[in-house]
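[1] just a sequence and a predicted model for now, questions to come.
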Amino acid sequence: MSAHSHRNVDSESRLIIHKPTTRQSLERIVKASWVNVLLVFIPLGFIAHFLKWGDTAIFLLNFFAIIPLAKLLGFATEDIALRTGQTIGALLNATFGNAVELIIAIIALKEGQIRVVQASVLGSIISNLLLVLGCCFLAGGIKYSSQEFNETAAQTSASLMALACIALIIPAAFSVAIPPTADYEVVNLSHYTAIVLLIVYGLYLLFQLKTHVHLYVTEDEDDQEPELTLLISLLLLAGVTVIVALCGEFLVSSIEGITESLGLTKTFVGLILLPIVGNAAEHVTAITVAMKNKMQLAIGVAAGSSLQIALFVTPFLVVLGWIIGQPMTLFFEVFETVLLFVSVLIMNYLIQDGKSNWLEGALLLATYVIIAIAFYFYPDPPSP
Amino acid sequence: MSAHSHRNVDSESRLIIHKPTTRQSLERIVKASWVNVLLVFIPLGFIAHFLKWGDTAIFLLNFFAIIPLAKLLGFATEDIALRTGQTIGALLNATFGNAVELIIAIIALKEGQIRVVQASVLGSIISNLLLVLGCCFLAGGIKYSSQEFNETAAQTSASLMALACIALIIPAAFSVAIPPTADYEVVNLSHYTAIVLLIVYGLYLLFQLKTHVHLYVTEDEDDQEPELTLLISLLLLAGVTVIVALCGEFLVSSIEGITESLGLTKTFVGLILLPIVGNAAEHVTAITVAMKNKMQLAIGVAAGSSLQIALFVTPFLVVLGWIIGQPMTLFFEVFETVLLFVSVLIMNYLIQDGKSNWLEGALLLATYVIIAIAFYFYPDPPSP
Amino acid sequence: MSAHSHRNVDSESRLIIHKPTTRQSLERIVKASWVNVLLVFIPLGFIAHFLKWGDTAIFLLNFFAIIPLAKLLGFATEDIALRTGQTIGALLNATFGNAVELIIAIIALKEGQIRVVQASVLGSIISNLLLVLGCCFLAGGIKYSSQEFNETAAQTSASLMALACIALIIPAAFSVAIPPTADYEVVNLSHYTAIVLLIVYGLYLLFQLKTHVHLYVTEDEDDQEPELTLLISLLLLAGVTVIVALCGEFLVSSIEGITESLGLTKTFVGLILLPIVGNAAEHVTAITVAMKNKMQLAIGVAAGSSLQIALFVTPFLVVLGWIIGQPMTLFFEVFETVLLFVSVLIMNYLIQDGKSNWLEGALLLATYVIIAIAFYFYPDPPSP
C-alpha cells in the first residue's frame, strides 16, 4: 500500500515535468544551448541578402545563421520523438530535414536545370551516408568503445539503399549499352522505374510503421520527459524549417559568385558544399543522439534521410518532370553512379553487423573525403 | 506398459500411411489440387500445336497446361523429399526444374543461336534469384512475421552465386579491355573458366551431400508421411517432366509469332517471358513450401536452381560448344552482366542474415520489375 | 601451501623452457624442419646469379632456396608472436613479408617503370587475398569442419579492403569520365587520395594496437613457450629477410629470359608468378598456423599483408613518386581495377561471418585461378 502511494507521489512529480507550461517551454528553448547566441546572424543574413551586401557577406552570415537553427531543429525533433517513439521521430526528422532539398530541387526542375537537380539529390544522399553517419560513428565511438543498434533494421536500410542504387545503375548501364538513337528510352525506363521506387517507399513505411514496428522500437527509453509543450515544439519545428529554407536559399544564391572568386567548379559546390549546408539539421541531430548512445535514432536520421531522398524525393522529381514535361531521368552519369555505388557499398559493409566503432566512422569519413577530392579535381562539363 | 502399447498402435496406424498402396497414391494425385482440372489443357495444347491452330491458341493452351503440371511436379518432389530429406529433395527439384532449360539450350546451341542460349540461362538465373525467391519471401512473410533458415548454408549459396557472377564479370571486363583483334582470347578464357566452374560445382555437391550435410538438414521434420509409393512418385516426376518439356517447346515455338503481334522485343521474351514459364515448376514448389515455413527447402529450390544453372548448365554449354565447334562464351554483353551483378548483390544482402520478411520479398520483386522494365525498353540489337 | 610450492616447482621447470639458451636456439633452428636441407640452394642460387649460369638455372635454384627461407621466417615470426601476442606477431609478419615487395617497387619506381610497380602491388594484394587466404581456409578446413575467428576484426579488415578498393575505383571511373585533356587531374586526385589512405592506415594501427586490442587477442593461447632467445629470433628474422630479398631479386632478374622462352606475357609474370614467389613467406606461415586452427593469426597474416600493401605500400609509393617526380597514380587500368574489386567482393563475403570451411577456401582459389587464366590470355599492351 505504501509502495503504491509512493508511486503515486512519484508519478505526480513526473507529471509536472510531463506537462511543461508554455512559459517553461520558451525558457527552455532560449537556454537550450549557448549556440543560440548565433541566432543574431539570422536577421543579419536576411538584411545582407535584401540589401545586396555582396556574396561573401551573404554566404558567411547565412552560414552562421544555420548553425543555431539546426541545433534548435534537433532540440524540437528530439522533444517530439520522446512523445512519438524513436521511429516516428526519425521519420519526422528526415522529412523536415529534406524539406529544404525538395523545395530547392522543385524550383530548379521547373527551370529545366536537370543536372542541378541530380547533383543536389546525389550530393545529399552521399553526404548523409558518409559524412553524417561517419560523424555519428566517430563522435559516438570516441565516447563508447562499441555501439549497438538493431541489426535487422540496419540490414533493411542497407538493402533499400542497395535497391535505390540499383535503380540508378540500371539506367546508367542501359544508357551506355543502347545506340545513341534510342536515348529517349532512358526517359521511359526512368519513368516506370520511378513508379516502382515510390511503391517500394510506401511499402517501407508500411513495414516500419505498421507490420514490423518492434524492429524500430528501442527498449532503453530512459526517464527523459518532453521539455516543451507539443504545440510549442511543432511551431518551433515548422518555424525553424521555414527560416532554414530561406537562409539556405540566400546562401545558395550567393554561392555562384563565391565559387568564381574561389576557383571552385560548380560540380564541387553542388555535390559537396551545398549538401553540407542542406543537411546541417540532420547532421547536428544525428551526432547529438549518437553521443548519447542512441545509435538507433542516429542511424534512423542519417540512413532514413538518405532513403527518403533516394526512394521518395528522387523518383517524385522524375514523375513530376514527366508531368510538367521536363526530361528528368534516373541516369546520373556513369562517374556519379559509380561514386554512389561505392558509398552504398562501404556503408552497407559497416552497418550490417549492427555495431559501430570510431574506426568505422573514420572509414566513412575517409570515403567522403576521397569523393570530395575527386569532385574537386573533376572538370566542369562544357555548358551545352 | 500401457503407454508403450498405445505407442505400438499409433505407429501401426502410421505404418498404414507410411506404405500407401498404388490405388491410394493415384487417388491422392487426382485429388491433390483443384488445379488438376486444368490438366484438360494438355491434350488441347498438343492438338493446337500439331494441327497448327495459330500462335495465340498454341501459346494460351500450353501456358494453362503447364500450371497443373508444375503443381504436380511440386507434389511429387515434395513427396520424394519426405523420404530423402530436404537436401536431396532440393537437388532433385532443381535438376528436374532445369531439365527443360538444358534441353532447349542444347537445341539452340547446336543451331549456333548463341545469343538465345545466353539469354535463356541469364533469364533463368535472374528469375530464380529475384522472382521465385521474392515470391517465397513475400508469400511466406505475409503469413509469418519473420522466417529463418540456416545462415551458413545461405552464405555458401551467396558466395557461390558471387563466384558465378565473377566468372561472367571477368570475361566482360576482359572483352572491353582487349583490342578487337584479340577477340578470340575471350573464347579461350571462357573455355578454361568453364572448367573451373564445373569443378567448383562438383566440390559444392561434395560439400552439400557429404562433408557438411548437417548444414542442409533441418530438424523440424514434422510428422508428415509420404502419400505416394516411391515408384508412383518417380514415374509422376519423370512423366510430368517430359510433358512439361513438350508443352514448353510448343509454347516457345509459338512465341515468335506472338511477339510480333504484341510488339515485344526478342530480348524481352527471351530474358523475361520464357524463364517465367520455364521456372513455373520451381516457382510453385518454392512458394508452397515457403508458405509452410520450410524456408530452408524454399531457398534450396530457388537458389539451388540458380546455382545449378550458373555453375553447371552454363559452363557445360560452353564446354559443349567447345566440343561441337560453336563459339559459346561466358561474355554476356556488359549490360546483361551488370544486371546479373545487381541481382546477385541484392539477393546476397537479403539472404546472408538467415532471416526473411515480406519487405525483403518485395525488394527482390521490385528489382525484378525494374530489370523487366529495362529489358522491355531495351532495343533489339540489329541482326548480324 | 603444498599446492603453492608445487606451483613454484612447475613455474620453475617452465622457466627453463621460457629462457632457452643460445645453443638450444641454434639447435632448434637447424632441426626445425626437414625442409632445411634445401638451404643448400642459397649459395647455389647466389653463385648461379653472379657466374651467370643462365636464366633457367638462376630461376630454379633461387626458387628452391626461397622455400626453406620462408619456412624459417615463419618459425622466427611465430616464436616472436609467442612473446608479443598474435596481433603484433601478425603485424611483424606482414611487415617482414612485404619488405621484399617494397624494396623491388622502389627500385622500379625510380626507373620510371610505373606499370611494373602497379602490377607488383596489385598482384601482391590479389594473391594474398585469394591464394594465401584460400590455401589457409582449404588446408585448415580439411582438418577442421568449421573454423572460427573474431567477426568484428574480420569485418574491420573487410571494410578496410573495401576502402582501399574504392580508392582505386574512383580514379579509374574518374579517368574514364574526364576528357583526355584533363588527364593530369588523375595525378592530383591520386596524390591527395594517397594521403587519405596513409592517414587511414595510421588510424587502423591505432585501432588495432591501442583502442581495440581486445578484438585481436585470442584467449586460446596454449602452453607453448618461445623456443628461441629473443635476440636469435630477431637476428634470424632480419637475416632471412635480407637473403629472401636477394634471392627474390635474382629470381626476378631471370624471369624476363624465362618468359620469352616459355611464351608468357609480362602481365602474367608480373601479376601472377612474381607475387607467388614474393608472398612465399606469408603463404607458408599462414597455412602452418591455419592447420593449427589459429585462424585469427592466419587471417591476420593474409589479410593484414594485403591491407598493408593496399593502405600503406601503394599510397607510400604514390607519395614517393610525387616527391621524386614520377607520375605514379592510383589509376590501375579498368580491367585490373575490376579484378581487384571482384577479389575483395568474394573475400568479404567469405570472411564476414567469422567462420570458414574448406569450400570457402576452394572458392577463393577458384577465383584466383580464373583471374590467373584471364591474365594468361590477356595480351601485353604495345610498348610505348
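    Cool, got the structure. Source: prediction; values computed, not measured.

[2] can you map out the strands along the stretch 251-384 of chain A?
    Taking DSSP state E, counting those that start in this stretch as the test, the strands found in the stretch 251-384 of chain A are A:355-356.

[3] now do the contacts for A:Leu138.
    A:Trp358, A:Gly361, A:Ala362, A:Leu365 (CB atoms under 8 Å, 6 or more residues apart in numbering or on different chains). From N, CA and C alone the C-beta is placed, and that goes for glycine too.

[4] export those as a markdown table, with columns for pLDDT and neighbour count.
    Written out in a markdown table, the entries for the contacts of A:Leu138 read as follows (pLDDT from 0 to 100; neighbours: other CB atoms under 10 Å in any protein chain shown):
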| residue | pLDDT | neighbour count |
| --- | --- | --- |
| A:Trp358 | 95 | 23 |
| A:Gly361 | 95 | 23 |
| A:Ala362 | 96 | 21 |
| A:Leu365 | 96 | 19 |
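
[5] near chain C too, which of the residues you listed?
    A:Trp358, A:Ala362 (CB under 8 Å from any CB of the partner chain).

[6] quick one: which of the contacts of A:Leu138 is nearest to chain B?
    Nearest to chain B among those, counting by CB to the nearest CB, is A:Gly361 at 21.8 Å.

[7] picking up where we left off before, the contacts of A:Leu138 in helices, which ones?
    Secondary structure assignment by DSSP state H places A:Trp358, A:Gly361, A:Ala362, A:Leu365 of the contacts of A:Leu138 in helices.

[8] mind checking if the helix or strand harbouring A:His214 is in reach of chain B?
    When elements are assigned from DSSP states H and E, A:His214 belongs to helix A:213-216. No: Helix A:213-216 stays out of contact with chain B when judged by CB under 8 Å from any CB, the minimum separation being 8.7 Å.

[9] I'd like the distance from that helix to the chain centre, please.
    21 Å (CA atoms, centre = their mean, to the nearest Å).

[10] so what secondary structure elements neighbour it?
    Helix A:213-216 makes packing contacts with helix A:86-110, helix A:151-177 when contacts are defined by 3 or more CB pairs under 8 Å, 6 or more residues apart in numbering or on different chains; DSSP states H and E.

[11] okay, buried residues for the longest one please.
    This means helix A:151-177. Within helix A:151-177, the residues that qualify as buried are A:151-175, A:177, counting by 16 or more other CB atoms under 10 Å in any protein chain shown.

[12] name the SS class of the residue of the stretch 1-150 of chain A found nearest chain C, please.
    With distances taken as CB to the nearest CB, the stretch 1-150 of chain A approaches chain C most closely at A:Ser145, which sits 7.1 Å away. A:Ser145 carries the three-state label coil when classified by DSSP: H, G, I helix; E, B strand; the rest coil.

[13] which stretch in the helices and strands packed on helix A:213-216 has the least confidence?
    Ranked by mean pLDDT, those end with helix A:86-110 at the bottom, a mean of 73.

[14] on contacts alone, who are the packing partners of whatever helix or strand comes next after that one?
    Past helix A:86-110, further along toward the C-terminus, the next helix or strand under DSSP H and E is helix A:114-126. When contacts are defined as 3+ CB pairs under 8 Å, 6+ apart, helix A:114-126 sits against helix A:86-110, helix A:274-278, helix A:295-308, helix A:314-324, helix A:334-351.

[15] now with 6 Å, please.
    Helices and strands in packing contact with helix A:114-126 are listed as helix A:86-110; criterion 3 or more CB pairs under 6 Å, 6 or more residues apart in numbering or on different chains; DSSP states H and E.

[16] quick check: A:Val318 vs B:Ala119, distance?
    Applying CB to CB, to the nearest Å, the value for A:Val318 to B:Ala119 is 29 Å.

[17] which secondary structure element contains A:Val196?
    Under the assignment here (DSSP H and E), A:Val196 is part of helix A:184-206.

[18] could you tell me the angle between that helix and helix A:314-324?
    Here the directions of helix A:184-206 and helix A:314-324 differ by 130 degrees (axes from the mean of the first three to the mean of the last three CA atoms, to 10 degrees).

[19] mind checking how far helix A:184-206 is from the chain centre?
    Mean-position distance between helix A:184-206 and its chain equals 21 Å (CA atoms, centre = their mean).

[20] got it, and stretch A:364-377?
    On the basis of CA atoms, centre = their mean, stretch A:364-377 sits 18 Å off its chain's mean C-alpha point.

[21] what does the stretch 201-350 of chain A have sitting close to chain C?
    Counting by CB under 6 Å from any CB of the partner chain, the residues of the stretch 201-350 of chain A close to chain C are A:Phe335, A:Val338, A:Val342, A:Ile346, A:Tyr349, A:Leu350.

[22] out of those residues, which is most surrounded?
    Counting neighbours by other CB atoms under 10 Å in any protein chain shown, A:Leu350 comes out on top of these with 29 neighbours.

[23] do you know the pLDDT at that one?
    Looking at A:Leu350, its pLDDT reads 91.

[24] then the one 3 residues further on?
    The predicted structure scores A:Asp353 at 84 on the pLDDT scale.
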